[in-house]
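Peer 1: Generate coordinates for the sequence data below:
(one chain, ligands or ions: 2)
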Amino acid sequence: MKPDYYKVLGLAKDASTADIKKAYRKLALKYHPDKNDGNPSAEAKFKETAEAYQVLSDPEKRSQYDRWGHNAPGSMGGGFSAQSHDDFFREMSSMFGDLFGGGFGRNQQRQVRKGPDLNIKLVLEFEEAAFGTRTGKNVQIKRPSICSACGGSGSEPNVPLTTCGTCGGQGRVIVQHGMMQITQTCPHCSGTGKIITKPCKTCNGRRVVEKIDTVSIDIPAGIHSGQRLRVQGAGGLSPDGGNPGDLYVTIHVLPHASFRREGTDVYSDIDISYSKLVLGSSVEVETLHGPVKINVPPRTRSGSKMRLRGKGVPVLNSPDTGDHYAVLNVAMPPVVSVEVKALLSELEGYMQDIK
Ligand SMILES: [Zn+2]
Ligand SMILES: [Zn+2]
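Peer 2: Ligands and ions are numbered 1, 2, ... in the order given. Down below sits the predicted model:
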């Protein structure tokens, strides 16, 4: 037993033609095979709504259906699906063409290729990685770019193009897609509607050529060696007019002469005299954020780490900053002179006395 066509579309018997069209459009989109991953119950619903729409959208068939129900005379065994499928699909295309071309166009996107993704290695100074580059770092890269000889048309200048025979210059073709016919970008002319008769000599009609370009890359503060940045759209240009590829930048940070970085913390070695360690002193420590004075308390052991809060590397994508650790080491006198020897011998004698 076939379901009631009005119930299928969720309409009352007195629904207007506009209501029928609106209700069908909504349901067809809901149950479209593209949206349901080939779910068989959705496909059955899709066919059911299509059949209901075929009948109710045709005034003559509708009045027959209203009078006789599914047993209308001349409807071959109670079916109304006698309308030629070609006619039906043509009508559906006119109703949905744009929508499926844009929203459902999985196939369409395959034809217009994205430009190639590119990978580069970027070497940064220690400070550049720590603080980032607010104005962007200019990098020279070789990438597919618009051919300047033909301005990206792919054709020899002053040689006219011919109209594409596949789409008749429309740039779009209608193809069978599952149950539906949908419009797609013409694969022959890539949607331009024109065919190049004499390809540009510089790019061989590819519209793009490999060129050295300068790209400005924003370096976020706190980046570290081995991290990869993605610069959207900074890769190669698509020869089909699709989106450009992306640029992937692998970061390599150069070592610093006096700083070592561990995550967001920075370490530096400070040579300090034995007497200052024993007696206590004030020492100036160089940090990424400038010199900082620290107090070394009396009897500080060699190898002690003095923590300078917030003087390290900014934390990536965060307002926080790591710390600086000054590692205190005993400085050796440059020369062990007679005087130094005498003083230290005296001290050594004293140290033994107090054992
Ligand atoms: Zn074409
Ligand atoms: Zn060219």
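Peer 1: who's residue 210 bridged to?
Peer 2: Beta bridges link residue 210 to residue 144, judged by DSSP bridges.
Peer 1: give the contact list for it.
Peer 2: Contacts for residue 210 (C-beta atoms under 8 Å, 6 or more residues apart in numbering) come out as 142, 143, 144, 145. (Each C-beta comes from the backbone N, C-alpha and C, glycine too.)
Peer 1: How about residue 167?
Peer 2: Neighbours of residue 167 in contact, by C-beta under 8 Å, 6+ apart: 173, 186, 188, 189, 193.
Peer 1: one step back: let me know the closest of the contacts of residue 210 to residue 241.
Peer 2: Nearest to residue 241 among these, counting by C-beta to C-beta, is residue 144 at 12.7 Å.
Peer 1: Give me the pLDDT value at the closest one.
Peer 2: We have a pLDDT of 92 for residue 144.
Peer 1: Please give the number of neighbouring residues around it.
Peer 2: 23 (other C-beta atoms under 10 Å).
Peer 1: Pretty sure it sits against residue 208.
Peer 2: Yes. Counting by C-beta atoms under 8 Å, residue 144 does reach residue 208; the two are 4.3 Å apart.
Peer 1: Between the two, which contacts overlap?
Peer 2: In contact with both residue 144 and residue 208: 115, 236, 237, 239, using C-beta under 8 Å, 6+ apart.
Peer 1: ranges for the helices of the protein?
Peer 2: Remark: helices assigned in the chain by DSSP state H are 5-9, 17-31, 40-56, 59-68, 85-102, 106-111, 126-131, 274-279, 338-353.
Peer 1: so what secondary structure elements neighbour the first one?
Peer 2: Contact partners of helix 5-9 among helices and strands, from 3 or more C-beta pairs under 8 Å, 6 or more residues apart in numbering; DSSP states H and E: helix 17-31, helix 40-56.
Peer 1: beta partners for residue 325?
Peer 2: Beta-bridge partners, per DSSP bridges, of residue 325: residue 267, residue 307.
Peer 1: I figured it hits residue 311, correct?
Peer 2: No. Assessed by C-beta under 8 Å, residue 325 is found out of contact with residue 311, at 9.3 Å.
Peer 1: which residues do these two both contact?
Peer 2: What both residue 325 and residue 311 touch, as defined by C-beta under 8 Å, 6+ apart, is the set residue 266.
Peer 1: residues from the stretch 101-250 of the chain in reach of ligand 1?
Peer 2: 164, 166, 167, 186, 188, 189 (C-beta under 5 Å from the ion).
Peer 1: For the stretch 201-350 of the chain, which segments are assigned as strands?
Peer 2: Using DSSP state E, counting those that start in this stretch, the strands of the stretch 201-350 of the chain run over residues 208-219, 228-231, 247-253, 260-262, 265-272, 281-287, 290-296, 305-308, 324-330.
Peer 1: Residue 126 is in contact with residue 266, isn't it?
Peer 2: No. Using C-beta under 8 Å as the test, residue 126 is too far from residue 266 to be in contact (9.1 Å).
Peer 1: For residue 340, give its distance to residue 316.
Peer 2: Going from residue 340 to residue 316 by C-beta to C-beta, to the nearest Å gives 48 Å.
Peer 1: higher neighbour count, residue 126 and residue 266?
Peer 2: residue 266 (25 against 19).
Peer 1: that older thread, so what's in contact with residue 126 and residue 266 at the same time?
Peer 2: Residues touching both residue 126 and residue 266 (C-beta under 8 Å, 6+ apart) are residue 259.
Peer 1: which one is the residue in the stretch 251-355 of the chain that ligand 2 sits nearest to nearest to, not counting chain neighbours?
Peer 2: Residue nearest to ligand 2 within the stretch 251-355 of the chain (C-beta to the ion): residue 251, separated by 34.8 Å. Spatial nearest neighbour of residue 251, chain neighbours left out: residue 227 (4.9 Å); criterion: C-beta to C-beta, 6 or more residues apart in numbering.
Peer 1: Distance check, the residue of the stretch 251-355 of the chain closest to ligand 2 against residue 137.
Peer 2: Using C-beta to C-beta, residue 251 is found at 11 Å from residue 137.
Peer 1: These two: which is more packed in?
Peer 2: residue 251 (19 against 15).
Peer 1: Return the residues in contact with the more buried one.
Peer 2: 122, 124, 129, 219, 223, 224, 225, 226, 227, 228, 229.
Peer 1: what's the neighbour count on the third one?
Peer 2: Counted by other C-beta under 10 Å, the residues lying close to residue 129 total 26.
Peer 1: Same question for the last one.
Peer 2: Here the number of neighbours of residue 229 (other C-beta under 10 Å) works out to 16.
Peer 1: That one against residue 215, yeah?
Peer 2: No. Using C-beta under 8 Å as the test, residue 229 is too far from residue 215 to be in contact (11.4 Å).
Peer 1: Nearest residue to the residue nearest to the spatial centre of the chain in space, ignoring adjacent ones along the chain?
Peer 2: Against the mean C-alpha coordinate of the chain, by C-alpha atoms, centre = their mean, the closest residue is residue 232 at 5.7 Å. Once flanking residues are discounted, residue 232 sits nearest to residue 246: 5.3 Å by C-beta to C-beta, 6+ apart.
Peer 1: And the pLDDT at the one you found?
Peer 2: Residue 246 is assigned a predicted lDDT (pLDDT) of 95.
Peer 1: okay, and the helix or strand of the protein with the least pLDDT?
Peer 2: helix 106-111 (a mean of 42; mean pLDDT, DSSP states H and E).
Peer 1: related to what we said a few turns ago, please produce TSV containing the strands of the stretch 201-350 of the chain, extended by distance to residue 7.
Peer 2: Formatted as TSV, those follow (distance: least, C-beta to C-beta, whole Å):
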stretch	distance to residue 7
strand 208-219	56
strand 228-231	51
strand 247-253	55
strand 260-262	70
strand 265-272	70
strand 281-287	77
strand 290-296	78
strand 305-308	76
strand 324-330	75
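Peer 1: Sweet, I'm off.
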